[in-house]
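Student: model the structure of this input:
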Amino acid sequence: MVRGAGVILAAVLLASPVSAQLEVGIRVGSPAPAVVLPDLDGRPVDLGTVLGKKPVLVEFWATWCSICMGLHPQLEEIRRTYGDRLEMFGVHVNVNASKPRIRRYLDQHRPPFRVLFDETGAGVRAFDVLTTSVVVIVDSAGRVAYAGSGEKQDLLGAVARVFGARTGP
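Tutor: Numbers count the residues shown, from 1 in each chain. Alright, predicted model coming up:
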């Protein structure tokens, strides 16, 4: 009986959508961590300088992550819509990556965020990230308003809700 329940649970999990609010990792409503991460030139960037001042979007990504690349059109639309009213960071997780490889990727694809290089895993640990394509949106009070992963995330809707805009019908 237990084995059958495991098969049913696995089938339900596999049939679930690829994206949603995260059920593991950083919790919605919790204060966002004010972690300090270097940019590609090694300069420290303190997220604490923007958290609590304006909304912040953080994507944990990698050059090899096709799902991350699939999210870029939404991120570009968010950048066009909200401009400097929203701070956007792309935290590159350090899995088989080098700074020259990341720079080549940036030259070719031009993602709409400031790139941070998480070579020590400090950002991954602070945000309790388990995979790439994790996006965390923090409201202007510094609290996590959204945390999700996967290719079917509604990032436009999540950001609109942070700005108080109504989405959907």
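Student: now stretch 68-77: average pLDDT?
Tutor: Stretch 68-77 carries an average pLDDT of 95.
Student: where does pLDDT dip in this protein?
Tutor: 1-24, 165-169 (pLDDT under 70).
Student: for it, just list every one of the helices.
Tutor: For the chain, the helices defined by DSSP state H cover 2-15, 66-82, 99-109, 122-127, 155-162.
Student: between the ones you listed, which one is closest to S133.
Tutor: helix 66-82 (4.1 Å; CB to CB). To be clear about C-beta, it is placed using only N, CA and C from the backbone, and glycine gets the same treatment.
Student: coming back round to it: can I get the helices of the chain in a markdown table including mean neighbour count and distance to I26?
Tutor: Shown next, in a markdown table, are those (neighbours: other CB atoms under 10 Å; distance: least, CB to CB, whole Å):
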| stretch | mean neighbour count | distance to I26 |
| --- | --- | --- |
| helix 2-15 | 9 | 21 |
| helix 66-82 | 17 | 18 |
| helix 99-109 | 13 | 24 |
| helix 122-127 | 19 | 5 |
| helix 155-162 | 19 | 14 |
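Student: any chance of these in TSV, plus distance to V50?
Tutor: As requested, those are exported to TSV (distance: least, CB to CB, whole Å):
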stretch	distance to V50
helix 2-15	36
helix 66-82	14
helix 99-109	21
helix 122-127	14
helix 155-162	14
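Student: out of these, which comes closest to R43?
Tutor: That would be helix 99-109 among the helices of the chain, by CB to CB, at 12.6 Å.
Student: any idea how far the closest one is from the chain center?
Tutor: 19 Å (CA atoms, centre = their mean, to the nearest Å).
Student: what's the answer for stretch 36-56, then?
Tutor: 14 Å.
Student: which residue comes closest to L106 once chain neighbours are left out?
Tutor: V115 (6.5 Å; CB to CB, 6 or more residues apart in numbering).
Student: next one: A62
Tutor: That would be T132: by CB to CB, 6+ apart, it lies 4.9 Å from A62.
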